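# 3D, please:
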Amino acid sequence: MSGWIERPARRACWLLILWLAGCAPAGPDAVLADYLERVARVTGSETREAEPAPLQPYPARRDLRVAVPEISIDVGEFFDLHGCDMGDLAGFRNSPLGRVQTASQRLGYETAWLAAAARCGPDAPDWLADVARQKRGALPALFWNATFAAEELHAALGGAGHPTGDFADLLRRLNDAYGAALSGDLDLSAFENTLGRLREGGWVGGARREWAGWRRTLSAASALLEGALPGICLNGQPTPDSRILANVFMKYYVERIQPEMAGRMRRQEAWIDAMHRLRGRLAAVSPPAFDAWYRDVLAPDRVDSEWRRTRAAIVDHARAWQRLFRHCGIEPLPGLGQD
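Modelled structure (predicted):
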């Protein structure tokens, strides 16, 4: 009788266990946590995953705006512009609408002004070329204020969200728009459409949280492997534990984690490169607050940026496995430990 009672109870326990396993999270974070737990279990060590450090926030917009010198003309010069059919354009800047232009509208206005001045030809007053030169010199600052200091890129670089668009493509469009602004051929409508799409995303904020998780987990797993080295293969030959570890490495890291991580980093590298190009073209006007944030977070040419530290953590983790395999006489994968 007791066996008859125990069997349903045992069956219920197994059903409960299976149900709980089916309800367990199966996302990337859960896979990484499971991987780390398995490495810890085989090495017989306790995981010491570092506490997540707060991420440096994207600077406030007030710290990102750069000053653009105002260029004024007197009444006589204003009337001179009518000969170039620029009177209405010059007057608009002091109109109620002209005084409340957004940063992108101001950029569009100044590029339209410069295009009209270039068309003036022989009717141009003597002073127009000097004013045009000054306005052309202010274009980088105007473009900066319309992009990196504006709410759209603030959302894309610092906000939280689940973006679905191609961030690299949007940044390449900004690069093209900057070239068009300098050449006097800016399509303001297309430019503002690109900005609108940037407002929808939180590409960089999401990527940074992802990178931080990767760094914590991979660094903790690397420490476990390093700690296991002295005792896991005393005679330099494979042992049951080392074979189990190799199986964990192949089944979890090589087959599941690494391909997903590599694919995501390839996509991220595309927008890292596009961002670096755009930032480089505007480096002369970027304010100190942005420069410090960019150096610490995204700069691909800084070994201590979050992006580069993430790449280094992945390489260091592969090298930790490589050392364990060599120590235990297990043939490592070709290219393991390379960037």
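# The nearest residue to residue 38 once chain neighbours are set aside: what's it in contact with?
Closest residue to residue 38 apart from its sequence neighbours, by C-beta to C-beta, 6 or more residues apart in numbering: residue 248 at 4.9 Å. All C-beta spots, glycine's among them, are computed from the backbone N, C-alpha and C. Each residue near residue 248 by C-beta atoms under 8 Å, 6 or more residues apart in numbering is listed here: 35, 38, 39, 42.
# and if you look at residue 182?
136, 139.
# Burial check on residue 34, number of neighbours?
The number of residues packed near residue 34 is 17, by other C-beta atoms under 10 Å.
# distance of it from residue 66?
Going from residue 34 to residue 66 by C-beta to C-beta, to the nearest Å gives 48 Å.
# go on, residue 196?
For residue 196 relative to residue 66 (C-beta to C-beta), the value is 23 Å.
# Kindly report the same for residue 259.
43 Å.
# By mean pLDDT, which helix or strand of this structure comes out lowest?
Least confident helix or strand of the chain, by mean pLDDT, DSSP states H and E, is helix 2-23 with a mean of 38.
# Tell me the helix or strand right after it.
Moving toward the C-terminus from helix 2-23, the next helix or strand (DSSP states H and E) is helix 28-43.
# Contact partners for the most centrally placed residue in the chain?
For the chain, residue 204 is the residue whose C-alpha lies nearest the centre (C-alpha atoms, centre = their mean; 3.4 Å). By C-beta under 8 Å, 6+ apart, the contact set of residue 204 is 58, 156, 157, 158, 297, 298.
# out of everything not next to it in sequence, what's closest to residue 142?
Per C-beta to C-beta, 6+ apart, closest to residue 142 is residue 107, 4.6 Å.
# meant to ask about residue 242
Using C-beta to C-beta, 6+ apart, the closest residue to residue 242 is residue 328 (4.1 Å).
# about what we covered before: can you pick the most crowded of the contacts of residue 248?
In the contacts of residue 248, the most neighbours by other C-beta under 10 Å go to residue 39, 26 neighbours.
# quick one: that one from residue 128, how far?
On the measure of C-beta to C-beta, residue 39 and residue 128 end up 71 Å apart.
# How about residue 151?
For residue 151 relative to residue 128 (C-beta to C-beta), the value is 34 Å.
# neighbour count winner among these two?
residue 128 (20 against 14).
# In space, what's closest to the more buried one - neighbours in sequence excluded?
residue 117 (5.8 Å).
# One more: residue 246?
Residue 246 sits nearest to residue 330 (C-beta to C-beta, 6+ apart), 5.7 Å away.
# same question, residue 29
The spatial neighbour of residue 29 that comes closest, neighbours along the chain excluded (C-beta to C-beta, 6+ apart), is residue 213 at 6.1 Å.
# cool, and residue 298?
Here the residue nearest residue 298, using C-beta to C-beta, 6+ apart, is residue 307, at 5.5 Å.
# got it, and residue 106?
Distance criterion C-beta to C-beta, 6+ apart; nearest residue to residue 106, sequence neighbours excluded, is residue 142 at 6.1 Å.
# Can you check what angle separates the helix or strand residue 310 falls within from helix 28-43?
Secondary structure from DSSP H and E places residue 310 in helix 306-327. Interaxial angle of helix 306-327 relative to helix 28-43 (axes from the mean of the first three to the mean of the last three C-alpha atoms, to 10 degrees): 30 degrees.
# Report the distance from helix 306-327 to the chain centre.
22 Å (C-alpha atoms, centre = their mean, to the nearest Å).
# who does it touch, helix- and strand-wise?
Judged by 3 or more C-beta pairs under 8 Å, 6 or more residues apart in numbering; DSSP states H and E, the packing partners of helix 306-327 are helix 203-232, helix 240-248, helix 258-281, helix 288-297.
# In TSV: these, plus mean pLDDT.
Shown next, in TSV, are those (pLDDT from 0 to 100):
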stretch	mean pLDDT
helix 203-232	92
helix 240-248	91
helix 258-281	95
helix 288-297	97
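# Out of these, which is the most enclosed?
Highest mean neighbour count of the helices and strands packed on helix 306-327: helix 203-232, a mean of 19 (counted as mean count of other C-beta atoms under 10 Å).
# how far does it sit from the chain's center?
For helix 203-232, the distance to the chain centre is 19 Å (C-alpha atoms, centre = their mean).
# what do you get for stretch 103-118?
Using C-alpha atoms, centre = their mean, the offset of stretch 103-118 from its chain centre is 31 Å.
# Mind exporting the C-alpha coordinates of it to CSV?
Taking C-alpha atoms only, stretch 103-118 is exported to CSV below (Å, rounded to 0.1, in the frame of the first residue of the first chain):
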residue,chain,number,x,y,z
ALA,A,103,18.4,72.5,-33.8
SER,A,104,17.7,70.5,-37.0
GLN,A,105,15.5,73.4,-38.4
ARG,A,106,18.3,75.8,-37.7
LEU,A,107,20.8,73.6,-39.5
GLY,A,108,18.4,73.4,-42.5
TYR,A,109,17.9,77.2,-42.4
GLU,A,110,21.7,77.9,-42.5
THR,A,111,22.3,75.4,-45.3
ALA,A,112,19.5,77.0,-47.3
TRP,A,113,21.0,80.5,-46.6
LEU,A,114,24.4,79.4,-47.8
ALA,A,115,22.9,77.7,-50.9
ALA,A,116,21.1,81.0,-51.7
ALA,A,117,24.3,83.0,-51.2
ALA,A,118,26.2,80.7,-53.6
